[in-house]
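**Student:** Let me see the structure of the following:
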Amino acid sequence: MKIQVNARNRTHLFEASPGEKILHGGLARGIALPYECASGTCGTCKAKRVSGDIDDAWPDAPGRKSLKSADEFLMCQCVARTDVVAEVPAFVQMMDTGSCVPCAGTGRIASTEMLTHDVMLIDVETDAPVEFDAGQFVLLGVDDVEGMRGWSMVNFDRHARTLRFVVRRKPDGVLSDWLFGGASRAGTRVSLFGPLGHATFYPSLGRDLLCIAGGSGIAGVMSILSRAEQDEYFSRHSGDVFFGIRTSRDVYFLDEFTRLRRVCGEGLAVTVALSDEDPPSSLVSDYPLIRFDRGFVHEVAKRHMVGRLGNVIAYLAGPPPAVDASIRMLLLSRVTADNIRYDKFS
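**Tutor:** Numbers count the residues shown, from 1 in each chain. Just a heads-up that it's a prediction; the model follows:
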């Protein structure tokens with residue numbers, strides 16, 4: 001199908017394959033259409049249908065609450081049934097040369113490992129190498145569960161054949177029930193689309209690094225730290241990581257944080273913030289290279305970063321309330337909006 005997207009600055013034309021979501025079709029052809037979650041929840045990819053017919057794969061998508069008329073639709077959920085002309089209320093450019101252009105792919109779940117009582121580490125082997133930037137995510141789907149979910153990569157490798165994810169169990173989540181249901185999911189075939197996301201890290205940024213993550217939002221931060229380690233970034237710039245959890249029962253990656261501290265030296269500091277209890281003395285003694293503190297993660301970050309926010313670029317991840325609180329803290333501390341990066345998962 002022929003798709004014409006009228007943006008505020010220019011018109012884009014592309015051919016969408018049968019069954020291909022309009023957003024995916026545009027992104028796969030290097031057109032930087034607007035999106036954030038790309039999975040139907042945020043509403044950022046809304047467009048207005050001028051002509052043509054579409055099918056909506058998820059009529060009850062939460063992101064539809066942002067639609068103002070019957071002609072508006074979510075590009076991430078809709079497929080063209082005929083040639084379509086649509087308008088988006090944004091400037092739309094072609095992706096920069098050298099960008100990791102998203103595409104559809106396939107793979108299989110190679111292994112799973114429980115990190116805590118409700119957090120799982122998942123390795124997916126892809127059928128073809130995947131190029132992505134540190135901090136990005138992909139959409140992943142399985143045949144037994146309708147729709148795709150966005151998961152951030154934990155690792156960072158060139159021409160990656162393995163994508164590593166951290167997934168937290170969600171109450172009444174359909175995919176959670178399937179994934180944490182007790183049966184082994186190793187060997188399950190998966191569909192992929194990506195990489196996606198704008199909260200990307202490049203060593204050429206040349207600024208001190210501040211990462212504030214709650215819960216499984218730490219996944220993208222681990223990818224950023226891996227990229228920084230490979231470039232010896234912390235020999236030139238400081239890095240501060242704040243990992244927010246509720247109790248010591250919820251903590252993981254402490255051995256990996258300790259390894260990174262040993263490799264990166266004093267340039268990297270890692271603080272685990274426990275919101276619901278004081279840090280147990282056993283954690284403090286077992287992991288002397290990691291700081292532990294009590295409080296919400298944005299509050300702990302504010303305490304430890306006093307006078308040190310002047311040259312930072314901040315990466316935020318985790319539950320939307322935690323991300324929003326961190327944004328407010330940073331803006332009130334006079335960190336400019338262009339130095340605050342996050343992708344909205346809601």
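
**Student:** Make sure Gly52 is actually in contact with Val85.
**Tutor:** Yes. In terms of C-beta atoms under 8 Å, Gly52 counts as a neighbour of Val85; the distance is 6.1 Å. C-beta coordinates here come from the backbone N, C-alpha and C atoms, glycine included.

**Student:** ok, the spatially closest residue to Val251 that is not a sequence neighbour - contacts?
**Tutor:** In space, and not counting its chain neighbours, Val251 is closest to Ile245: 5.4 Å by C-beta to C-beta, 6 or more residues apart in numbering. By C-beta atoms under 8 Å, 6 or more residues apart in numbering, the contact set of Ile245 is Gly214, Gly215, Val251, Val272, Ala273, Leu274, Ser275.

**Student:** Among the residues you listed, find me the one that's closest to Asp324.
**Tutor:** Using C-beta to C-beta, Gly214 is the member of the contacts of Ile245 that lies nearest Asp324, at 11.0 Å.

**Student:** Make sure the closest one is actually in contact with Gly244.
**Tutor:** Yes. Counting by C-beta under 8 Å, Gly214 touches Gly244, with 4.1 Å between them.

**Student:** Mutual contacts of those two, please.
**Tutor:** Common contacts of Gly214 and Gly244, defined by C-beta under 8 Å, 6+ apart, comprise Val297, Gly318, Ala322.

**Student:** mind listing what's buried in the lowest-mean-pLDDT helix or strand in the chain?
**Tutor:** Taking mean pLDDT, DSSP states H and E as the measure, helix 174-179 is the helix or strand of the chain with the lowest mean score, a mean of 87. Buried residues in helix 174-179, counted by 16 or more other C-beta atoms under 10 Å: Leu175, Ser176, Leu179.

**Student:** circling back: and the contacts of Ile245, which is closest to Asp338?
**Tutor:** Asp338 lies nearest to Gly214 out of the contacts of Ile245, by C-beta to C-beta, at 22.7 Å.

**Student:** Could you pull up the residues touching the closest one?
**Tutor:** Gly214 is in contact with Gly244, Ile245, Val297, Ala317, Gly318, Pro319, Ala322, Val323, counting by C-beta under 8 Å, 6+ apart.

**Student:** and it, backbone torsions?
**Tutor:** Backbone torsions of Gly214, given as degrees, to the nearest 10, read phi -110, psi 140.

**Student:** Just to be sure, Gly19 is in a strand?
**Tutor:** No. Looking at Gly19 with DSSP: H, G, I helix; E, B strand; the rest coil, it is coil, so not inside a strand.

**Student:** that older thread, quick one: which of the contacts of Ile245 sit in strands?
**Tutor:** When strands are assigned by DSSP state E, the members of these inside them are Gly214, Val272, Ala273, Leu274.

**Student:** Mind putting those into a markdown table with pLDDT and distance to His24?
**Tutor:** Shown next, in a markdown table, are the ones in strands among the contacts of Ile245 (pLDDT from 0 to 100; distance: C-beta to C-beta, whole Å):
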| residue | pLDDT | distance to His24 |
| --- | --- | --- |
| Gly214 | 95 | 29 |
| Val272 | 98 | 37 |
| Ala273 | 98 | 37 |
| Leu274 | 98 | 40 |
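
**Student:** Quick one: buried ones out of the residues you listed?
**Tutor:** Among these, those buried by neighbour count (16+ other C-beta under 10 Å) are Gly214, Val272, Ala273, Leu274.

**Student:** Tell me what the last one is bridged to.
**Tutor:** Spelled out, it's Leu274. With DSSP bridges as the criterion, Leu274 is bridged to Ile245, Arg294.

**Student:** That one touches Ser248, doesn't it?
**Tutor:** Yes. Counting by C-beta under 8 Å, Leu274 does reach Ser248; the two are 6.6 Å apart.

**Student:** who's in contact with the spatially closest residue to Cys42 that is not a sequence neighbour?
**Tutor:** Closest residue to Cys42 apart from its sequence neighbours, by C-beta to C-beta, 6+ apart: Glu36 at 4.6 Å. By C-beta under 8 Å, 6+ apart, the contact set of Glu36 is Cys42, Thr44, Cys45, His198, Asp343, Lys344, Phe345.
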